[in-house]
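Colleague: Only the shape, not the letters, is given here:
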Ligand code: RIB
């Protein structure tokens, strides 16, 4: 199934990302507050985020031609996000401004170890429809890989999966935020990329080490996905296909902010697969992109360039 090659004039790998765009409102704190507690934090940061937009920017910075399919509010945050796509080289032909609805917003707290908690107000992301995806059908059919996440309606993701599947284009699903997924969708997924929490929600297996990641991956493979990459932050990631499983240790880095590390990984994976790399090669490339991303604050500002990934000594 992972055979897609993107026939595109400029020869860059061609990726289509279907998903969310948020404005991230971030506060750095010494620790994550407990329920009902008020704590004083550090500096406030407002940066473009959203899992879909982060993955689109990640793939563009890694050298891909990226079409992003998304909805923004026709408001200040929406216009700032559009301007940012232009700066980052993301093709926003399929990005629509919805009037009368706010752009997606994420409230993020990041502790001293770089861990985070995130709450998203989806706003216009909830209006991204199967029809919006259909308008991008030609680009999806011509792509080297298609990527989606779950901050937009499930039927929208399913339509993207269907178009990719019918054309033999690898479909990567980052199941975040996790929710129960229908069998028909799992059947069309080329690579599923849950983190430990998402793997637990999808399988019921408490994932905390390699053996438990293997157990969760076996369940997901049995449910119909072609391959699973369980991402486990500072530990590394498990690659699982029908006949092989391999755990790859994470590169040791000083974590400043883990926000969007999974998005750097998904974007890097898509670029590698669209270039014709094996799953192992693409995941290794993606792991380097993710490691670099945790060394900087913020979602999109932390996405590394291709040159940074290739010269990374970690
Ligand atoms: O994956 C990180 C992203 O999750 C943030 O940028 C935030 O917007 C939420 O969507």
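Modeller: In hand now; what should we look at? In this text, all values refer to a predicted model and were calculated from it rather than measured experimentally.

Colleague: tell me the SS of the residue nearest to the spatial centre of the chain?
Modeller: For the chain, the residue whose C-alpha lies nearest the mean C-alpha position (Cα atoms, centre = their mean) is residue 263; its distance is 3.4 Å. Under DSSP: H, G, I helix; E, B strand; the rest coil, residue 263 falls in the helix class.

Colleague: For it, give me its contacts.
Modeller: 51, 54, 55, 58, 174, 293, 299, 303 (Cβ atoms under 8 Å, 6 or more residues apart in numbering). No exception for glycine: its C-beta is placed from N, CA and C like everyone else's.

Colleague: And for it, nearest residue in space, chain neighbours not counted?
Modeller: Spatial nearest neighbour of residue 263, excluding adjacent residues (Cβ to Cβ, 6 or more residues apart in numbering): residue 54 at 3.6 Å.

Colleague: That neighbour contacts residue 300, doesn't it?
Modeller: Yes: the criterion here is Cβ atoms under 8 Å, and residue 54 meets it with residue 300 at 5.8 Å.

Colleague: More neighbours: which of these two?
Modeller: Higher neighbour count among residue 54 and residue 300: residue 54, with 33 against 28, using other Cβ atoms under 10 Å.

Colleague: tell me the contacts of residue 298?
Modeller: Contacts of residue 298 by Cβ under 8 Å, 6+ apart are 24, 26, 45, 47, 49, 257, 259, 260.

Colleague: State the pLDDT value of it.
Modeller: At residue 298, the model reports a pLDDT of 95.

Colleague: and what of residue 313?
Modeller: At residue 313, pLDDT is 78.

Colleague: which parts of the stretch 101-250 of the chain sit against the ligand?
Modeller: 106, 118, 120, 151 (Cβ under 6 Å from any ligand atom).

Colleague: can you tell me which of the contacts of residue 263 are in helices?
Modeller: Within the contacts of residue 263, membership in helices is found for 51, 54, 55, 58, 293, as judged by DSSP state H.

Colleague: And for the residue nearest to the fourth one when sequence neighbours are not counted, the neighbour number?
Modeller: What sits nearest to residue 58 in space, not counting adjacent residues and going by Cβ to Cβ, 6+ apart, is residue 267, at 2.8 Å. Using other Cβ under 10 Å, the number of residues around residue 267 comes to 32.

Colleague: dump the residue contacts of residue 267.
Modeller: 15, 17, 54-59, 62, 147, 286, 289, 303.

Colleague: and which of the residues you listed is nearest residue 32?
Modeller: residue 54 (21.1 Å; Cβ to Cβ).

Colleague: how far away is that closest one from residue 290?
Modeller: Distance, residue 54 to residue 290, using Cβ to Cβ, to the nearest Å: 11 Å.

Colleague: Over to residue 181?
Modeller: 23 Å.

Colleague: And residue 183, its phi and psi?
Modeller: phi -60, psi -40 (degrees, to the nearest 10).

Colleague: Pretty sure it sits against residue 220.
Modeller: No: using Cβ under 8 Å as the test, residue 183 is too far from residue 220 to be in contact (11.8 Å).

Colleague: And these two? Which one has more around it.
Modeller: residue 220 (23 against 8).

Colleague: Neighbour count: residue 181 and residue 290, which is higher?
Modeller: Under the neighbour definition other Cβ under 10 Å, residue 181 and residue 290 were set side by side, and residue 290 has more, 32 against 22.

Colleague: Report how many residues lie close to the residue in the stretch 1-150 of the chain positioned nearest to the ligand.
Modeller: When distances are taken as Cβ to the nearest ligand atom, the stretch 1-150 of the chain reaches nearest to the ligand at residue 49, 2.5 Å away. When neighbours are defined as other Cβ under 10 Å, residue 49 has 30 of them.

Colleague: quick one on the thing from earlier: which pair in the residues of the stretch 101-250 of the chain next to the ligand spans the largest distance?
Modeller: Pairwise over those, using Cβ to Cβ, the maximum falls at 118 and 151, 10.5 Å.

Colleague: what about the chain, any weak spots by pLDDT?
Modeller: 1-9 (pLDDT under 70).

Colleague: Just checking the lengthiest strand in it against the ligand, any contact.
Modeller: Scanning the chain for the strand with the most residues, using DSSP state E, yields strand 65-73. No: Strand 65-73 does not reach the ligand (Cβ under 6 Å from any ligand atom); its nearest approach is 11.9 Å.

Colleague: Show me what that strand is packed against.
Modeller: For strand 65-73, the packing partners by 3 or more Cβ pairs under 8 Å, 6 or more residues apart in numbering; DSSP states H and E come out as strand 14-18, helix 51-61, helix 76-88, strand 95-98, helix 130-135.
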